[in-house]
Structures are given as C-alpha cells and as structure tokens.
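Visitor: Got a predicted structure here, sequence first:
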Amino acid sequence: MKRLLIANRGEIALRVVRAARDLGIETVAVFSEADAGAAHVRLADSAVPIGKSPVGKSYLRGDAIVEAAVEAGADAVHPGYGLLSERADFARACEAAGLTFVGPDADTIDTMGDKVAARVAAAKAGVPTVPGSDAAVGGVDEAAAVAASLGYPVMLKAAGGGGGRGIRVVGDEAGLRREFPMASGEAGSAFGDPRLYVERFVERARHVEVQVLGDGGDVIHLFERECSLQRRRQKVVEEALSPGISPETRAAMTTAAVELAQSVGYRSAGTVEFLVDDESGDFFFMEMNTRIQVEHPVTEWLCGVDLVAEQLRIAAGEGLQLAQGDIDPRGAAIEFRLTAEDPANDFFPNPGRVEQLNMPSGPWVRVDTWLEGGGEVTPFYDSLLAKVIVWGADRAEAIARSRRVLGEIVVEGVKTTAPLLSAILGEDWFAAADFHTGTLEQWLETDPLAAGG
Amino acid sequence: MARHEVISPIPGTLYRRPDPDSDPFVEEGQEVKADDTICLVEVMKNFHAVNAGVAGTVVEFLVETDDEVGAGQPVAVIEDGN
C-alpha cells in the first residue's frame, strides 16, 4: 500500500490521513464544494473534488470516488465511518477497479448488514441473541405465537431497519395484532422490505460493544466500550471499560465477540454490539458494525493500540501483528461528543460560522476535530464538531480531569452541546455509573439545563 | 388567483420524496391543502417537513431533490384558489 484515498470527510478523514502518514503511506482526500477549504483537504498529500455539497452529489457517489482513486494512482480506499463504509457494492466496486478496500470483504458486509442473516450467524457461532423469532416471522399469527412464548412486552423489528429505526414495542397480544400490519407496511415503504421479527424487550438495558481486530484468520478483542448514554439512539458519552458489567460478563462477552468474528472469517476492525440486561447481567448480540467507529479512540487509549493503523496493516496484507496477550487495558478513557446542536432548544441543529474557538489541550486529553476558528459549520453533514477523550488511572480520575477539560471548551457563533456534557459530568448517576439506555432521555425530560441555570 | 412562494426556513438539502423508493410528496399541477407536506429539508441529518402554507395548486418546484437550499430561499410556487 503506497497511496490511500480517503472516501470520507471531517474528523475521521483527518484521523485516517494521520494514521497513513505514520505508516509512510501517501494520502488522497476527496471533497465536496462546501469542503474545499477543509482541514482534511489541506492535510492530505493531494485532493480531488467530487461534486456539490449535498452528500448525494459527492461523498455518496461511489462511482466518482472509485474514478478519483484510479485517476490519482491510489492503490487502496479507506471508507471511514458512515457514508459508503458499510455498502457492500462500494467495496465490490473498489476491488473490481483493482483497489484494496480497507475493511472486511463485501460478503461479510452483506451478511452483517442484514439483521436476520447477522442474527443467524450469531446463533450458529453460539453467541446469545435476544430471545425471539430466529428469522422473520411469516405473519401476525406466527408473531403472536412467538410473543406468547417469550412473554410481553416484545419488540417488532424491521428486518431491513437499523440505527433504531423500524422498532415498535407492544405490551400485549391486542397491541401486537393492532401494530403488526402498520409496522410491516412502514418497513416495506421505509426499507423496501416488509419482513418483521419479534424479540423480547429488555426494560433496563445497557449498550456495550466489543472491539475486534481480525485478519481473515486470527481474531483478537480489545475489550469493550460502554455506550448506554444515548439520545434518540445517538451516542453522547462513551467509555472503556464498561463500569456496568461484571468481570464474568466481560470474559463471556469478549469471547462471544471473537467467536462470532472468527466464524465469518472477519478481516479488519469491527465492533460487536450487545444489549446487556442490567438486572440479570445476561447479554445478547444486537448487530456487528463492519467499520471503524466514531468512539474508537477510547479503546485506543485504554489499550495503547492504533486501530486505524492496524486496519491499514491488515488491508496491506501484513496480517494481524498483535496477539491477545498483547492487549492489556489500563485505566479508564471517556469520550464526549461535542455537536452543533442546541440542548436548550430541543437539540435544534445549529449551522453557522464559528468565531472564537478554543479546544481543550494539556495532559490526559485527546481532541479529534475538523473545526477551526473562523470555520463554517455547514448544514450538509452530521453535527459532530469534536470528540474530546480523557484518560485517568481509574474512572474517578478520568471524571475529575474531564471537568477541567470540558471547562476549556469555547465555541462562539454556533450553539453546541458543551453545557449538556458538563451537566452530565455533574450528575451523581453518572459518577456512580448507574445508567442504562433510557437514562439520558429520562433525565433530559426533567429539563436539567434550565434548572441548573 | 395569487402566486404564493413556499420558503424553506432552514438551510440544507432538499428532498421531494419521503425516502428514495417512494413517490414524491406532490407533483407539479397537483392540488394541496395548507398543511400538506410538499418536501423535506435535511439539516445535519435532521429532516424538517416543509408544508404548503396555503391551499392551491403546485405550479412549480424551484429546487429539486438533492439540491442545496439556503434559509429563506423559495423552494416552490403555489397558486391559491382565491
């Protein structure tokens, strides 16, 4: 691998440029009209314009990106996260053009991208899945029979859904019979696939995910991330290790993740997401993300491993250089997502020009950002401004340092979630790690920012 | 008869369909009610419905799917029935 095209933008494009540079690989950026002056364009060795600002006319144009890579003489493509990163067709188009796709092979993306196929793969590997129909149900009567054996409440989930979309919770059989046709119809129009499956609904659930690395043969894990603090299924604060699972659960969950990844011959970095029943400690496979994730830095700091560099080495055919015994988690790392949304106004998106800007620096903090003073936050892309990651020898120290770190953030010109992140840090339930996937939204309903002044 | 311009209150990317596989919310020449959604504007992955604002006939769209719009920009013209 000599020259790498990065098919993404924002902070993750910068992240990939930096890892490539560390390895002596040249980089090619791509950019839309709105990103002509962006940091990732300047930092890369060269850059290619690929279209207008909306993603449908630039960063989602797989054909234009493959063409740019070939023209620029690149031999590999890193897709980052989001955008084209989990589109099997894009991975196939890269390979067909003689380019190495930095990720798993297209068939693995296909299998793990289909909820039903992924669930079947997990069950085959002996990984616990949420009790429910093993595949899509044939109709409402089968759904009712499955639900009766599971016990209510249950979830109806669209086979083609994802990111929290296409899910309904029903409390009894009458509710199921009422909701099933609507859920199926909606799934058909939203995802082009009306199939539904039925799962037990866990009331108090944590979202814990295991980072894996594989080279198509060997697979290792780099422990887990706790990602339960979410708003509308978007993660807000993540940390590693999870403060909410026992050592026994950790051992069983990381083993399960490795076995699943091995069973599909996984290559590259990937994440196996689990739902943990906070009452019993039981854990269940949710899905596998076949890409680098936004919150990967907490794992990097915990384990001292550069995950993006490992992705590049594996894609270059060097094989996995790390053994499980090399992975030794140290201390606690917490990531805060700073976004251009106004927490005082129902998280309304806040594009605009940034005037004053100060990002935290100094000991025990890492800031991954694309934002610069005088820069423009455009309406075309996601609202992530910066990821602020803090490390401590234990969780209490990481939290104490985080107060200092978040206090240094200054962003003038656009509203951000900085006040929300600081408020979370001040909560007893956060300090005690007493939270689940519903906690943040329930807390927000009490209007904590208004009350706190 | 009066021409009424439908304004996008926010900047972003315009979509005339609820999702890529569906039909457009409205076609040109179609009658609409004031609270009918005629398009979506995506700002930072949030989708905001833009309503017709007046009852009448959609004469033309000034912006097409996947095009960018600015805040306050007219996106369609409706001729009301009065």
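Guide: Good, I have the coordinates.
Visitor: residues in contact with residue A:127?
Guide: Contacts for residue A:127 (Cβ atoms under 8 Å, 6 or more residues apart in numbering or on different chains) come out as A:256, A:257, A:259, A:260, A:285. Where you see a C-beta, it was placed from the backbone N, CA and C, and this is true even at glycine.
Visitor: biggest separation within these, which pair?
Guide: Put simply, by Cβ to Cβ the two of those set farthest apart are A:259 and A:285, 10.8 Å from each other.
Visitor: Pick out whichever of the two has more residues nearby.
Guide: Higher neighbour count among residue A:259 and residue A:285: residue A:285, with 23 against 15, using other Cβ atoms under 10 Å in any protein chain shown.
Visitor: Am I right that that one falls within a helix?
Guide: No: counting by DSSP: H, G, I helix; E, B strand; the rest coil, residue A:285 is located in no helix; its state is strand.
Visitor: okay but it is in contact with residue A:261, surely?
Guide: No: counting by Cβ atoms under 8 Å, residue A:285 stays clear of residue A:261, with 11.6 Å between them.
Visitor: quick one: common contacting residues for the two?
Guide: Common contact partners of residue A:285 and residue A:261 (Cβ under 8 Å, 6+ apart): residue A:272.
Visitor: what's the weakest-modelled helix or strand in chain A?
Guide: Of all helical and strand segments in chain A, the minimum by mean pLDDT, DSSP states H and E falls on helix A:448-452, at a mean of 69.
Visitor: Likewise for chain B?
Guide: The helix or strand of chain B with the poorest confidence is strand B:46-51; it has a mean of 90 (mean pLDDT, DSSP H and E).
Visitor: which among the contacts of residue A:127 gets closest to chain B?
Guide: Distance to chain B across the contacts of residue A:127 (Cβ to the nearest Cβ) is lowest for residue A:285, with 26.5 Å.
Visitor: Excluding sequence neighbours, find me the nearest residue to that closest one.
Guide: For residue A:285, ignoring the flanking residues on the chain, the nearest one in space by Cβ to Cβ, 6 or more residues apart in numbering or on different chains is residue A:122 at 4.2 Å.
Visitor: Looking at the one you found now. What's its pLDDT?
Guide: Here, the pLDDT recorded for residue A:122 equals 95.
Visitor: phi, psi of it?
Guide: phi -60, psi -50 (degrees, to the nearest 10).
Visitor: Make sure residue A:405 is actually in contact with residue A:365.
Guide: Yes: proximity of residue A:405 to residue A:365 meets the contact threshold set by Cβ under 8 Å, at 4.8 Å.
Visitor: State the number of residues packed around residue A:277.
Guide: Neighbour tally, residue A:277, other Cβ under 10 Å: 17.
Visitor: measure it to residue A:221 for me?
Guide: Distance from residue A:277 to residue A:221, counting by Cβ to Cβ, to the nearest Å: 21 Å.
Visitor: Ok, residue A:29 next?
Guide: 32 Å.
Visitor: Pick out whichever of the two has more residues nearby.
Guide: A count of neighbours by other Cβ under 10 Å puts residue A:29 above the other of residue A:29 and residue A:221, at 29 against 22.
Visitor: Name the nearest residue to the more buried one, sequence neighbours excluded.
Guide: Residue A:29's closest residue in space is residue A:44 (Cβ to Cβ, 6+ apart), at 3.7 Å.
Visitor: residues touching the one you found, list them.
Guide: A:6, A:13, A:17, A:27, A:28, A:29.
Visitor: Per-residue pLDDT of residue 24, please?
Guide: In the absence of a named chain, chain A is used. What the model reports for residue A:24 is a pLDDT of 98.
Visitor: looking at chain B here, not the other one
Guide: 93.
Visitor: can you check residue A:126 too?
Guide: 94.
Visitor: And for residue A:186?
Guide: pLDDT, read off for residue A:186, is 80.
Visitor: Tell me which residues of the host helix or strand of it come out buried.
Guide: Secondary-structure assignment from DSSP states H and E places residue A:186 in helix A:173-191. Going by neighbour count (16 or more other Cβ atoms under 10 Å in any protein chain shown), the buried part of helix A:173-191 is A:175, A:176, A:179, A:180, A:183, A:184, A:186, A:187, A:188, A:190, A:191.
Visitor: out of those residues, which touch chain B?
Guide: Restricting those to those touching chain B (Cβ under 8 Å from any Cβ of the partner chain) yields residue A:190.
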